[in-house]
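Student: only geometry, no sequence info:
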């Protein structure tokens, strides 16, 4: 007897329907075909034990299982449930009263028949709705995540016998319902990470506000203990709230990586902070079965690289293309996968190997050659993609001892949101540009037109401060964001003057 049960496979961050065909005929043997990986091939042991512990057994006949399309590699242990159900139906041990073709099933089985969570529940649910399935049955831990998709009945189960009782109409399963509006509202605040906790550093807070308003990459340069990490960790609290579209994109990536952790929809912007020993594959993604890396897990959020020069140079260099294109493409012999990677890069670093500026007050002094060797760990092309370079100086005791709290993240975020709304209206007709940091050269010329005083100021600054040519466009982008924060239609001279201050690493001799 031939039985067809429908499951799903993840390809990148998208899903596709897999038809699991089970045929039981004369002979002896268990044959699983259709390019399964080791985890799927081992499923017969899990399924046999689970069925035996629940009063069933795999028939002593020739069992052939095909996973179509047969030319696509399948991986993971999530096919246990549909395979087990197909075997029982083909062996006449179970007769469903509901149509199997209306449902997609996925789940890993324990030896007692319990169901374990799977990866990629959200892409599976999206695909199930697109293909016209009435419902999706999967482990209870994944139900909230899949319930994000409207127009599809999602059922969470904890044991495979619940599935059998459902299809034989012995019981009904409760459909999972997710209140997305309440979820967004509950996770809007950041009670543990607020800019009001930061003492002093008003100029750096201003920089962080500008970076958040325009989506600019930023590097903080300062000695140990000056507050670089504290400021960076609070950046997500002033970024605009995620839209539903951004939330779905981010959740899909985390779902494929198995990092949703039963939270349903990810409504807070991600903040990823990998250690400096990370490999290039872990950063950009890849592997034998490609998985998203840290830059994709940071999509629509922040990637924080602490102690930037300590990262391997090869690791940093692989970020150049994703920073420019805002996506990363991983190619293998038989397929190519593209993961989105539109993130804000926030980096911190010491100004020298000893950790301090050479200003006469430092406990450690390095020679210019040592400092230059330290700075050469970061390539020019990578710095070219970082819009704001700002020096962070230690906070004096008078500022640290103040009882007054600083400006809260909520107040700063309100200004940031107003600036972002201006940019959304400006780039409404642009498909690939949503905020100032994404502007190309043509858009910079169009939206950052300078009057004579502004042009003269920028020219004098580049000549006197010996700014590099690559700083020109970055200054214009940042000045456009400063103008947006003020609500100004045109970029003025004082906007240019402020933006020029934020290019420390382009100035020759700034470390001396």
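Tutor: Cool, got the structure. Keep in mind it's a predicted model, so treat the numbers as computed, not measured.

Student: shaky segments in the stretch 101-250 of the chain?
Tutor: The model of the stretch 101-250 of the chain has pLDDT under 70 over residues 181-191.

Student: would you map the helices across it?
Tutor: Assigned by DSSP state H, counting those that start in this stretch, the helices in the stretch 101-250 of the chain fall at 121-130, 140-146, 160-167, 180-186, 202-214, 228-233, 244-256.

Student: also the stretch 301-450 of the chain?
Tutor: Ranges of helices in the stretch 301-450 of the chain, per DSSP H, counting those that start in this stretch, are 313-317, 320-325, 368-375, 380-384, 397-400, 409-426, 441-447.

Student: save these as a markdown table, and put in mean neighbour count and distance to residue 264 too.
Tutor: (Each C-beta comes from the backbone N, C-alpha and C, glycine too.) Output for the helices of the stretch 301-450 of the chain, formatted as a markdown table (neighbours: other C-beta atoms under 10 Å; distance: least, C-beta to C-beta, whole Å):
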| stretch | mean neighbour count | distance to residue 264 |
| --- | --- | --- |
| helix 313-317 | 15 | 33 |
| helix 320-325 | 16 | 28 |
| helix 368-375 | 14 | 45 |
| helix 380-384 | 16 | 36 |
| helix 397-400 | 10 | 40 |
| helix 409-426 | 18 | 23 |
| helix 441-447 | 13 | 37 |
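
Student: need phi/psi at residue 74.
Tutor: phi -110, psi 150 (degrees, to the nearest 10).

Student: tell me the bridge partners for it.
Tutor: Residue 74 has these beta-bridge partners by DSSP bridges: residue 36.

Student: for residue 68, see how far away it is.
Tutor: From residue 74 over to residue 68 the distance is 10 Å, taken as C-beta to C-beta, to the nearest Å.

Student: ditto for residue 261
Tutor: Distance from residue 261 to residue 68, by C-beta to C-beta: 32 Å.

Student: compare the two (neighbour count), which wins?
Tutor: residue 68 (14 against 11; other C-beta atoms under 10 Å).

Student: and for the spatially most central residue of the chain, nearest residue in space, chain neighbours not counted?
Tutor: Nearest residue to the geometric centre of the chain (C-alpha atoms, centre = their mean): residue 297, 2.5 Å. Closest residue to residue 297 apart from its sequence neighbours, by C-beta to C-beta, 6 or more residues apart in numbering: residue 272 at 5.4 Å.

Student: in the chain, which helix or strand is least confident?
Tutor: Ranked by mean pLDDT, DSSP states H and E, the helix or strand of the chain with the weakest confidence is helix 180-186, at a mean of 65.

Student: can you give me the buried ones in stretch 382-398?
Tutor: Residues of stretch 382-398 classed as buried by neighbour count (16 or more other C-beta atoms under 10 Å): 382-395.

Student: kindly report the same for stretch 88-99.
Tutor: Of all the residues in stretch 88-99, those buried under the rule 16+ other C-beta under 10 Å are 88-91, 94, 96.

Student: give me the contacts around it.
Tutor: 1-3, 5, 22-24, 51, 56, 58-59, 61, 63, 85, 100, 164, 166-169 (C-beta atoms under 8 Å, 6 or more residues apart in numbering).

Student: and residue 168, what does it touch?
Tutor: Shown in contact with residue 168 (C-beta under 8 Å, 6+ apart): 94-97.

Student: okay, the residues you listed in JSON lines with distance to residue 307 and secondary structure next?
Tutor: Supplementary listing: the contacts of residue 168 in JSON lines, determined by distance: C-beta to C-beta, whole Å; DSSP: H, G, I helix; E, B strand; the rest coil:
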{"residue": "94", "distance to residue 307": "59", "secondary structure": "coil"}
{"residue": "95", "distance to residue 307": "63", "secondary structure": "coil"}
{"residue": "96", "distance to residue 307": "58", "secondary structure": "coil"}
{"residue": "97", "distance to residue 307": "62", "secondary structure": "coil"}
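
Student: looking at the helices of the stretch 301-450 of the chain, which is closest to residue 40?
Tutor: Closest approach to residue 40 among the helices of the stretch 301-450 of the chain (C-beta to C-beta): helix 320-325, 31.6 Å.

Student: mean confidence for that closest one?
Tutor: Helix 320-325 carries an average pLDDT of 88.

Student: give me the mean pLDDT for stretch 456-470.
Tutor: For stretch 456-470, mean pLDDT is 82.

Student: could you identify the most distant pair in the buried residues of stretch 88-99?
Tutor: 91 and 96 (13.2 Å).

Student: could you tell me the least trusted of the helices of the stretch 301-450 of the chain?
Tutor: helix 397-400 (a mean of 74).

Student: residue 124 contacts residue 15, doesn't it?
Tutor: Yes - counting by C-beta atoms under 8 Å, residue 124 does reach residue 15; the two are 4.8 Å apart.

Student: shared neighbours, those two?
Tutor: residue 8.

Student: and the helix or strand that contains residue 31, what does it pack against?
Tutor: For residue 31, the host element (DSSP states H and E) is strand 29-33. Contacting strand 29-33 under the criterion 3 or more C-beta pairs under 8 Å, 6 or more residues apart in numbering; DSSP states H and E are the following elements: helix 43-52, strand 62-68.

Student: could you say what helices and strands the longest one packs with?
Tutor: Contact here means 3+ C-beta pairs under 8 Å, 6+ apart; on that basis helix 43-52 packs against strand 29-33, helix 80-90, strand 108-109.

Student: same question for it, mean pLDDT?
Tutor: 94.

Student: okay, buried residues for it please.
Tutor: Neighbour-count burial for helix 43-52, counted by 16+ other C-beta under 10 Å, picks out 43-44, 46-48, 50-51.
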